[in-house]
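Chemist: The following comprises the amino acid sequence and a computationally predicted model.
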Number of protein chains: 2
Amino acid sequence: MSHLRGSIKKIDEALSLKWIKLNKITYIDCKGNERFWESASRTTKKGDTDGVDILATVKKDGRNYLIVVVQYRVPVDNLVIEFPAGLVDNDEDFINSAIRELKEETGYRATTDKVLLTSPILPLECGMSCANARMVVIDLEETICEEQELEGSENIDVFYLPMDNLFNELEELRKKLNCVVSIQLYTFALGLNFNKFLK
Amino acid sequence: MSHLRGSIKKIDEALSLKWIKLNKITYIDCKGNERFWESASRTTKKGDTDGVDILATVKKDGRNYLIVVVQYRVPVDNLVIEFPAGLVDNDEDFINSAIRELKEETGYRATTDKVLLTSPILPLECGMSCANARMVVIDLEETICEEQELEGSENIDVFYLPMDNLFNELEELRKKLNCVVSIQLYTFALGLNFNKFLK
């Protein structure tokens, strides 16, 4: 597959703010041509992973539920329904980030033995940014939920959506809140209930 | 749910390049406090939708396959496995964008009667950007594939992954190409085959 690979020749920082910077990139495409691209990236990245998305399920009365969060997101000026998520702190293992963020945002205290699956690095918007996340799948079973531990600027509500009808319930919640759904949560729900759409 | 909503007070453009701009946003959070956020956005947006992701399935010998594309993505300096996708052109209906991009990137000529589902606007990375996309689900059935119509800077390979084992086949392709998978494709595959993970 090396026939598709390009390579970066030079990165010029156009502007760096506190959290985000903008770069002009000079690269060589797979046919040897010099070309240009623009890219936004986070200034906070320390290791290879910007953030984690936590796919956490919990069983109540024999039915499986997905835990989702809703908060106001400034860049889109709207409420967004998302997986619980957050940035990886300095020197933090991303699984520990996931467990910490899940506790802070939802009140659920998970342990590493509840982690079913972790993903490789997944780009979030590779046409304009190098930002990425890893998915961490956690089966909480019937764990007890405690208080959220939100930071001062965070205001987050938690919802439980039944896995056996996730796509429809997510759509209903979106309409009820008159808001939007993150693309990774939407496509997960679409995949989970996809046999309803495919002939 | 109005108790979670904030509102934007002021947007200061910090820098605008050709494709991306960086904004400093002053907003009022849901508790009435004035706060600040930074955001990157595309300069190309005309309507409400930045781009489209096309979830296209095709049947071969009685088995359903998902069509995915692989290309070098400059911001992540790597090959990325993705849904076929592209930006919505000026005054273009997003369904027409999806049909056009599918033809350009994969050679498949779809028509609107093959569109099974279209999504609302889905933010791609709402912590740092207002960029969004819509999903367009297309069932090509056994349509004939023609030539790609790539632009000069595009070099894209097309792969067919069986839907009944999508998660594993995607992971195998990623390892074979030593590359990454977009988060929306990864979570779709995870949802499609999720009963393998959930107890």
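Modeler: Looks like it arrived, so ask away. Numbers count the residues shown, from 1 in each chain, chains lettered A, B, ... in the order given.
Chemist: and chain A, what are its domains?
Modeler: Using automatic domain parsing, the domain ranges for chain A come out as A:2-42, A:51-196.
Chemist: Count residues in the vicinity of residue A:14, would you?
Modeler: By other Cβ atoms under 10 Å in any protein chain shown, 16 other residues sit near residue A:14. From N, CA and C alone the C-beta is placed, and that goes for glycine too.
Chemist: where's it, which helix or strand?
Modeler: For residue A:14, the host element (DSSP states H and E) is strand A:7-16.
Chemist: Equivalent analysis for residue A:184, please.
Modeler: helix A:183-192.
Chemist: Run the chain-centre distance for that helix.
Modeler: Here helix A:183-192 is found 12 Å from its chain centre; the criterion is Cα atoms, centre = their mean, to the nearest Å.
Chemist: partners of the strand holding residue A:14, with directions?
Modeler: Note on strand A:7-16: by DSSP bridges, its sheet partners are strand A:20-28 (antiparallel).
Chemist: What residues sit buried inside the partner strand?
Modeler: Buried residues in strand A:20-28, counted by 16 or more other Cβ atoms under 10 Å in any protein chain shown: A:20-25, A:27.
Chemist: What of stretch A:95-102?
Modeler: Buried residues in stretch A:95-102, defined by neighbour count with 16+ other Cβ under 10 Å: A:95, A:97-102.
Chemist: just the residues you listed now: which is nearest chain B?
Modeler: residue A:101 (12.3 Å; Cβ to the nearest Cβ).
Chemist: Break down chain A into its strands, ranges please.
Modeler: All strands of chain A, identified by DSSP state E, fall at A:7-16, A:20-28, A:34-42, A:51-60, A:63-73, A:78-82, A:85-87, A:115-118, A:122-123, A:132-139, A:157-162, A:180-181.
Chemist: could the domains of chain A go into JSON lines alongside distance to residue B:131 and mean pLDDT?
Modeler: Shown next, in JSON lines, are the domains of chain A (distance: least, Cβ to Cβ, whole Å; pLDDT from 0 to 100):
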{"stretch": "domain A:2-42", "distance to residue B:131": "9", "mean pLDDT": "95"}
{"stretch": "domain A:51-196", "distance to residue B:131": "6", "mean pLDDT": "94"}
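Chemist: picking that back up, Serialize the buried residues of stretch A:95-102 to TSV and add fields for distance to chain B.
Modeler: Converted to TSV, the buried residues of stretch A:95-102 look like this (distance: Cβ to the nearest Cβ, whole Å):
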residue	distance to chain B
A:95	16
A:97	14
A:98	15
A:99	18
A:100	17
A:101	12
A:102	17
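Chemist: Identify those among these that sit within helices.
Modeler: The helices, defined by DSSP state H, take in A:95, A:97-102 from the buried residues of stretch A:95-102.
Chemist: Turn those into JSON lines, columns for distance to residue B:168.
Modeler: Below are those laid out as JSON lines (distance: Cβ to Cβ, whole Å):
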{"residue": "A:95", "distance to residue B:168": "22"}
{"residue": "A:97", "distance to residue B:168": "26"}
{"residue": "A:98", "distance to residue B:168": "23"}
{"residue": "A:99", "distance to residue B:168": "27"}
{"residue": "A:100", "distance to residue B:168": "30"}
{"residue": "A:101", "distance to residue B:168": "28"}
{"residue": "A:102", "distance to residue B:168": "27"}
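Chemist: returning to that earlier point: same for the helix holding residue A:184, what does it pack against?
Modeler: Packing contacts for helix A:183-192, counted by 3 or more Cβ pairs under 8 Å, 6 or more residues apart in numbering or on different chains; DSSP states H and E, involve helix A:166-177, strand B:51-60, strand B:122-123, strand B:132-139, helix B:183-192.
Chemist: switch to 7 Å and redo it
Modeler: Helices and strands touching helix A:183-192, as assessed by 3 or more Cβ pairs under 7 Å, 6 or more residues apart in numbering or on different chains; DSSP states H and E, comprise helix A:166-177, strand B:122-123, strand B:132-139, helix B:183-192.
Chemist: Pick the most buried one from the ones you listed.
Modeler: Compared across these, helix B:183-192 shows the largest average neighbour count, a mean of 27 (mean count of other Cβ atoms under 10 Å in any protein chain shown).
Chemist: Give me the neighbour count for the residue nearest to residue A:31 when sequence neighbours are not counted.
Modeler: Computed as Cβ to Cβ, 6 or more residues apart in numbering or on different chains, the closest residue to residue A:31 that is not its neighbour in sequence is residue B:155, at 7.0 Å. Neighbour count for residue B:155, taken as other Cβ under 10 Å: 18.
Chemist: Then residue A:119?
Modeler: Using other Cβ under 10 Å, the number of residues around residue A:119 comes to 20.
Chemist: Equivalent analysis for residue A:121, please.
Modeler: When neighbours are defined as other Cβ under 10 Å, residue A:121 has 16 of them.
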